[in-house]
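J.: the following block contains a protein sequence and its predicted model.
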Amino acid sequence: MNALERELKYPMGDTLPGPGTTLAVAPGIKWIRMSLPFALNHINLWLLRDELDGPGGKLQGWTVVDCCISRDESKAQWQQIFDNELQGLPVLRVICTHMHPDHIGLAHWLCERWTTPTHQCRMWISATDYGVARLASVSPTGFGGGDYAAAFYASHGLVNADYIAQIKARTNYFTNLVPAVPRTFRRMMDGDVITIGGRAWACISGYGHAPEHIALYCAEARILIGGDMMLPRISTNVSVHENEPEANPLRQFLDSIDKFKALHADTLTLPAHGKPFTGLYRRIQQLHDHHAERLAEVMQACTAKPCSAADIVPIMFKRELDLHQMTFAMGEAVAHLHVPWQEGRLRRTLDADGTYRFGTTGN
């Protein structure tokens, strides 16, 4: 546990749900922790006791929040949940906080698995994230790979020929993890209130990490399902991507997390990665401080000489990075350059070699 983590409180301590099991975190709310084959090696999913109107009255069952990527190991863990943790009741709906593969990957499978002739198990998600996920699922290159992505990273200074070749060849990254997206969905929007298990959950939109992330807050229980917008140990990835190359996601992210300041100080936050925690206000400030420090580093480097995003990566990330991590790091570096650039504190130039560099007016 690092120093920042010690400023937060973890009501469950070091207790974690085992593979294929759940852990109750509050009445009617169960925590599932599934493994991921990445450096970030797990995702938290949530089961909420629920009821919905059916043809013969109220249907008793569960709402699932987030799904994990599509792979046999994940499906096997879900089957254990179905067999042992649902108390013989069905999954009634699937809520996806956003469209990233670890959150939406098995939505199609879950919805099909739990749809019956009398009840459609529907996916709930923001319209923006649904549209982006559908586009990624049918695009020849998906996102994060192919010639266009390779050209984007190269334009920001990534010159490693092996990495560029691998990015060009990575044309099915999204569809490998999300083989299908449900053909229908229920839209969630900022300010909507969803009744789950007799309790009101408010939708809170967030930007910068995903196109239109939706967190859920229950004021009665003082519980926030924060998805990837509010993590206890790391700052979620905030990147510029090739499909929106002039985006300013870091400013959007910082503005978005300030929405959580309106929630109760004792809110229990259920994050997508890490452990449930309290200390929401402190965590918001920690994230602002973290990014302020990174922005200061960027300004110092670009004041000394014009820098590309590739020049900024080793300043922000002091460890060895594989290709998967490098593309995230490049996106983060561009995001931290775009804040001062779009505020007029840096200027962007395109060099003769086709590389964007950011510097002050004096260099």
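T.: Now that the structure is in, tell me what you want to look at.
J.: so what's Pro37 closest to, chain neighbours aside?
T.: Computed as CB to CB, 6 or more residues apart in numbering, the closest residue to Pro37 that is not its neighbour in sequence is Arg71, at 7.7 Å. Bear in mind the C-beta positions are built from the backbone N, C-alpha and C, glycine included.
J.: phi, psi of the one you found?
T.: phi -160, psi 160 (degrees, to the nearest 10).
J.: swap in Tyr173?
T.: phi -60, psi -50.
J.: pretty sure it sits against Gly144.
T.: Yes: contact status for Tyr173 versus Gly144: in contact at 5.1 Å, counting by CB atoms under 8 Å.
J.: could you list the residues in contact with the helix or strand His291 falls within?
T.: Using DSSP states H and E, His291 sits in helix 280-304. Residues from elsewhere that reach helix 280-304 (CB atoms under 8 Å, 6 or more residues apart in numbering): 4, 7-8, 224, 230, 232, 235, 250, 253-254, 257-258, 260-261, 263, 265, 267, 269, 277, 307, 311-312, 315-316, 333, 336-337, 339-340, 345-346, 358-360, 362-363.
J.: can you confirm Leu48 is in a strand?
T.: Yes: under DSSP: H, G, I helix; E, B strand; the rest coil, Leu48 sits within a strand.
J.: next, the distance between the ends of stretch 202-214.
T.: Stretch 202-214 has an end-to-end distance of 10 Å (CA to CA, to the nearest Å).
J.: stretch 354-361 now?
T.: OK, stretch 354-361 end separation, CA to CA: 20 Å.
J.: buried ones in that stretch, by neighbour count?
T.: Thr355, Tyr356, Arg357, Phe358, Gly359 (16 or more other CB atoms under 10 Å).
J.: Thr349 versus the second one, what's the distance?
T.: For Tyr356, the distance to Thr349 (CB to CB, to the nearest Å) stands at 7 Å.
J.: same check on Pro55?
T.: Distance from Pro55 to Thr349, by CB to CB: 64 Å.
J.: doesn't Leu337 fall inside a helix?
T.: Yes: counting by three-state DSSP, Leu337 is located in a helix.
J.: helices or strands up against the helix or strand following the helix holding His291?
T.: With elements assigned by DSSP H and E, the helix or strand that comes after helix 280-304 is helix 309-316. If you count contacts as 3 or more CB pairs under 8 Å, 6 or more residues apart in numbering; DSSP states H and E, helix 309-316 packs onto helix 280-304, helix 323-342.
J.: give me the buried positions along helix 309-316.
T.: So, applying 16+ other CB under 10 Å, buried residues of helix 309-316: Ala309, Ala310, Asp311, Ile312, Val313, Met316.
J.: which ones are touching the residue nearest to Thr195 when sequence neighbours are not counted?
T.: Excluding its sequence neighbours, the residue lying closest to Thr195 (CB to CB, 6+ apart) is Trp201, at 7.5 Å. Under the criterion of CB under 8 Å, 6+ apart, the neighbours of Trp201 are Val193, Ile194, Thr195, Leu216, Tyr217, Cys218, Ile225.
J.: need phi/psi at the most centrally placed residue in the chain.
T.: Centroid check for the chain by CA atoms, centre = their mean gives Asp228 as the closest residue, at 4.0 Å. Asp228 adopts backbone torsions of phi -100, psi 0, taken as degrees, to the nearest 10.
J.: that one and His98: what is the separation?
T.: Asp228 is 7 Å from His98, by CB to CB.
J.: and if you look at Leu350?
T.: In terms of CB to CB, Leu350 sits 32 Å off from His98.
J.: do Asp72 as well
T.: 24 Å.
J.: neighbour count winner among the two?
T.: Each of Asp72 and His98 has its neighbours counted (other CB atoms under 10 Å); His98 has more, 27 against 7.
J.: quick check: closest non-adjacent residue to the more buried one.
T.: Nearest one to His98, counting by CB to CB, 6+ apart, is Ala210 at 3.6 Å.
J.: give me the neighbour count for the one you found.
T.: 24.
J.: which stretches of the stretch 101-250 of the chain form helices?
T.: For the stretch 101-250 of the chain, the helices defined by DSSP state H, counting those that start in this stretch cover 101-104, 107-114, 127-138, 147-155, 161-169, 173-177, 249-257.
J.: in strands, which of the contacts of Trp201 fall?
T.: Among the contacts of Trp201, the subset assigned to strands under DSSP state E consists of Val193, Ile194, Thr195, Leu216, Tyr217, Cys218, Ile225.
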